[in-house]
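A.B. asks: Just a sequence and a predicted model for now, questions to come.
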Amino acid sequence: MSTFQLMESPTVVSGGNGSRSRTTTFRGWLFVGIGCLILPGFLFTAFISKLLPPSNDRPIAAIQNDR
């Protein structure tokens, strides 16, 4: 016998125009968009910058040297 029970997901009850649903959808896409912008920056900082030749630019050199 399992101690976990499946719970039903809450339903969104919207008003006449469904503005709450649109707001929730907008916020979801906003977070997805922000994540898509942050991911390339992380990948560059963590991996790609180490593969590039040494840079004379101080911020890039600091990223390459993990300082």
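C.D. replies: That came through, no problem.

A.B. asks: for the chain, which helix is longest?
C.D. replies: helix 19-43 (DSSP state H).

A.B. asks: which helices and strands does the following helix or strand past that helix pack with?
C.D. replies: Counting by DSSP states H and E, the element after helix 19-43 in chain order, helix or strand, is helix 49-51. Applying 3 or more Cβ pairs under 8 Å, 6 or more residues apart in numbering; DSSP states H and E, one finds that helix 49-51 contacts helix 58-64. Every C-beta, even on glycine, is put in place using the N, C-alpha and C of the backbone.

A.B. asks: Name the residues that touch the helix it packs on?
C.D. replies: 45, 49-50, 52, 54-55 (Cβ atoms under 8 Å, 6 or more residues apart in numbering).

A.B. asks: before we move on, what about stretch 36-54?
C.D. replies: 60-61, 63-64.

A.B. asks: redo that, cut-off 6 Å
C.D. replies: 63-64 (Cβ atoms under 6 Å, 6 or more residues apart in numbering).

A.B. asks: Check which residues of it are buried.
C.D. replies: Ser49 (16 or more other Cβ atoms under 10 Å).

A.B. asks: what about stretch 45-56, distance to the chain center?
C.D. replies: Stretch 45-56 has its C-alpha centroid displaced from the chain centroid by 23 Å (Cα atoms, centre = their mean, to the nearest Å).

A.B. asks: Apologies, that question was intended for stretch 31-47.
C.D. replies: Counting by Cα atoms, centre = their mean, stretch 31-47 comes out at 7 Å from the chain centroid.

A.B. asks: rewinding a little: report the mean confidence score over the longest helix of the chain.
C.D. replies: Across helix 19-43, pLDDT averages out at 91.

A.B. asks: So what's the gap between that helix and the chain middle?
C.D. replies: For helix 19-43, the distance to the chain centre is 7 Å (Cα atoms, centre = their mean).
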